[in-house]
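Asks: have a look at this prediction, sequence included:
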Amino acid sequence: MPTKNSTLDNSGPPPAGDHTAALDRADAACRARGASLTAIRREVLELLYRSPTGVKAYDLLARIKEARPGASPPTVYRALDFLIEQGLAHKIGRMNLFVACQHASHPIPSLFLVCPKCAGVTELQEKSVMSALSNSLAEAGHRLESPEVEISALCPKCIEK
Ligand SMILES: [Zn+2]
Ligand SMILES: [Zn+2]
């Protein structure tokens, strides 16, 4: 859960505001895998951290261009591909959104609850659900296309309304 106070607890999703610690952790994780979080990749990841409900590629590009007028769409898309490959971000195809991973990168797929009313995205890691799903798919001779499983589900706020 994101905390508003400034304790030194760095577990869980990055708090609003300063994402330096989370970015440094991502940097270290990339290096451990022999990859490198270059300046542009780090900027894109920071933008994703600042947008917990996700960003459309087009908006992301516009915001990167504010800081780097020379940034071309392919540069930004390549940075996004890299972040997804490294398990630091996910693509929500249903909404054409990119979101930062809310966990340290994970070997199992995540469940994404996409609210049809407010377009909010919640990442759930339910090991038992996901391994049961993977097993059933395999038994049926299928394989997940991507590690993001999307479900349309009203969020608590929209249910209250
Ligand atoms: Zn994730
Ligand atoms: Zn909602």
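Replies: Received it, and whenever you're ready, just let me know what you need. Ligands and ions are numbered 1, 2, ... in the order given.
Asks: and the residue nearest the centre of the chain, what pLDDT?
Replies: Centroid-nearest residue in the chain, with C-alpha atoms, centre = their mean: residue 100, separated by 2.5 Å. pLDDT recorded at residue 100 is 93.
Asks: for the residue nearest to it when sequence neighbours are not counted, give its distance to ligand 2.
Replies: Excluding the flanking residues, the one nearest residue 100 by C-beta to C-beta, 6 or more residues apart in numbering is residue 48, at 3.9 Å. Using the backbone N, CA and C atoms, a C-beta is placed for each residue, glycine as well. Taking C-beta to the ion, to the nearest Å as the measure, residue 48 falls 20 Å from ligand 2.
Asks: interface residues of the protein facing ligand 2?
Replies: 115, 117-118, 120, 155, 158 (C-beta under 5 Å from the ion).
Asks: now do the phi/psi pair for the residue in the chain that ligand 1 sits nearest to.
Replies: Ligand 1 sits closest to residue 101 of the chain, with a gap of 3.2 Å, by C-beta to the ion. Dihedral pair for residue 101: phi -70, psi 130, per degrees, to the nearest 10.
Asks: so it is in contact with residue 123, correct?
Replies: Yes: Residue 101 is in contact with residue 123 according to C-beta atoms under 8 Å; the separation is 7.0 Å.
Asks: what touches both of these two?
Replies: Common contacts of residue 101 and residue 123 (C-beta atoms under 8 Å, 6 or more residues apart in numbering): 90, 110.
Asks: who has more neighbours, these two?
Replies: Neighbour tally, residue 101 and residue 123, criterion other C-beta atoms under 10 Å: the higher count belongs to residue 101, 23 against 19.
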